[in-house]
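> Just need the structure, nothing else, for what follows:
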Amino acid sequence: GPDFAHFKYDMVSTGKRQIGSTIKPYLYTLAMEEGLSPCDGMVHGPITIMAENGQPWTPRNTREALGHFVTIKWGLQNSDNWVTAYLMSLFSPYAFA
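Okay, here's the model as predicted:
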């Protein structure tokens, strides 16, 4: 945690990260390589993506900044699921190959 004296949760040995959070830096890097700027952004709100099986998928997220313009930089700083889903909607999953 940020300060073990006040926050005794050991994220390394005890915590579990969702797999989606581990891919975020790669997706944001891909976005920059494809010409997006950290200052580009979106109106913050739910994003629904169609999965390969034809089912819609909408990630869960906090309601922070709902309806406000947020930048890609803000999305990465806050590990925001809606900004990540927005970026995912711009690129094919095969772009990582």
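> Could you identify the longest helix within the chain?
helix 19-33 (DSSP state H).
> Walking through the protein, point out its helices one by one.
Using DSSP H, helices in the chain cover 19-33, 72-77, 81-90.
> In a markdown table: these, plus distance to residue 46 and mean neighbour count.
Backbone N, C-alpha and C define where each C-beta goes, glycine included. Output for those, formatted as a markdown table (distance: least, Cβ to Cβ, whole Å; neighbours: other Cβ atoms under 10 Å):
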| stretch | distance to residue 46 | mean neighbour count |
| --- | --- | --- |
| helix 19-33 | 15 | 14 |
| helix 72-77 | 14 | 19 |
| helix 81-90 | 6 | 20 |
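> do you know how far the residue nearest the centre of the chain is from residue 23?
Centrality entry for the chain: nearest residue to the mean C-alpha point is residue 84, 3.2 Å, by Cα atoms, centre = their mean. Distance, residue 84 to residue 23, by Cβ to Cβ, to the nearest Å: 8 Å.
> Taking helix 81-90 as reference, get the angle to the longest helix of the chain.
Orientation of helix 19-33 against helix 81-90 (axes from the mean of the first three to the mean of the last three Cα atoms, to 10 degrees) gives an angle of 60 degrees.
> Mind picking out the helix or strand in this structure with the poorest mean pLDDT?
The weakest-scoring helix or strand in the chain, judged by mean pLDDT, DSSP states H and E, is helix 19-33 (a mean of 87).
> Quick one: residues contacting the residue nearest to the centre of the chain.
Residue 84 sits next to 20, 24, 27, 59, 75 when contact means Cβ atoms under 8 Å, 6 or more residues apart in numbering.
> ok, residues contacting the least confident helix or strand of the chain?
Outside helix 19-33, the residues that touch it by Cβ under 8 Å, 6+ apart are 38, 59, 72, 75-76, 79, 81, 84, 87-88, 90-91, 95-96.
> coming back round to it: can you tell me which of the contacts of residue 84 is nearest residue 43?
When the contacts of residue 84 are ranked by distance to residue 43 (Cβ to Cβ), residue 75 comes first, at 12.3 Å.
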